[in-house]
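Asks: I'll drop the sequence and a predicted model, then ask my questions.
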Amino acid sequence: MQLHSNSFENGKPIQAEFAMGQPGGFAANRNPHLAWDGVPAGTRSFALLCLDPDAPTVAATVGREDLQIPVEQPRGQFTHWVMVDIAATQREIAAGS
């Protein structure tokens, strides 16, 4: 199965529209466009999880224009959103849906 998006390039930073934070505060945190194909036979439903594996762990350092988060600051996993029970016939979700 392959997952792809019209909203961002693989391995590149995402736009603030789809991020939780940006310099100066919170961002829109909308879901990006996602589409998939090559679905295995017998698939009954889908689940999509948006996990951030390197989220800052010190809240006071997030969204500040006057501070760059230090590389050595510990990072943790943050769950932005979860979608479950997506119909097996569906092959994409629109940005911001």
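Replies: Received it, and whenever you're ready, just let me know what you need.
Asks: pLDDT below threshold where in the chain?
Replies: 23-25 (pLDDT under 70).
Asks: and the residue most central in space within it, which helix or strand is it part of?
Replies: The centre of the chain sits closest to Cys50, judged by Cα atoms, centre = their mean, with a distance of 4.3 Å. Using DSSP states H and E, Cys50 maps to strand 45-56.
Asks: distance from the chain centre to that strand, please.
Replies: 6 Å (Cα atoms, centre = their mean, to the nearest Å).
Asks: what comes into contact with that strand?
Replies: Contacts with strand 45-56, where a contact means Cβ atoms under 8 Å, 6 or more residues apart in numbering, come from 20, 31, 34, 36, 62, 69, 73, 75-88, 90, 93. The C-beta positions use only the backbone N, C-alpha and C, and glycine is treated the same way.
Asks: returning to what we had before: measure the residue nearest to the centre of the chain to His4 for me?
Replies: 15 Å (Cβ to Cβ, to the nearest Å).
Asks: put the buried members of the contacts of strand 45-56 into a PyMOL selection.
Replies: Selection of buried members from the contacts of strand 45-56 for PyMOL, criterion 16 or more other Cβ atoms under 10 Å:
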select buried, resi 20+31+34+36+93
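Asks: which of the contacts of strand 45-56 fall within strands?
Replies: Among the contacts of strand 45-56, the members falling in strands are 34, 36, 75-87, 93 (criterion: DSSP state E).
Asks: between all of the residues you listed, which two are separated the most?
Replies: Arg75 and Ala87 (34.6 Å; Cβ to Cβ).
Asks: pretty sure Met20 contacts Asn31?
Replies: No: using Cβ atoms under 8 Å, Met20 makes no contact with Asn31, being 11.5 Å away.
Asks: can you show me the CA trace of stretch 32-43 as CSV?
Replies: The C-alpha coordinates for stretch 32-43 follow below in CSV (Å, rounded to 0.1, in the frame of the first residue of the first chain):
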residue,chain,number,x,y,z
PRO,A,32,-3.1,17.6,5.0
HIS,A,33,-4.5,16.0,1.9
LEU,A,34,-3.8,12.2,2.1
ALA,A,35,-4.5,9.6,-0.5
TRP,A,36,-3.6,5.9,-0.7
ASP,A,37,-3.7,3.1,-3.2
GLY,A,38,-2.5,-0.5,-3.5
VAL,A,39,-4.9,-1.5,-0.8
PRO,A,40,-4.6,-5.2,0.2
ALA,A,41,-7.6,-7.5,-0.7
GLY,A,42,-9.9,-8.0,2.2
THR,A,43,-9.3,-4.6,3.8
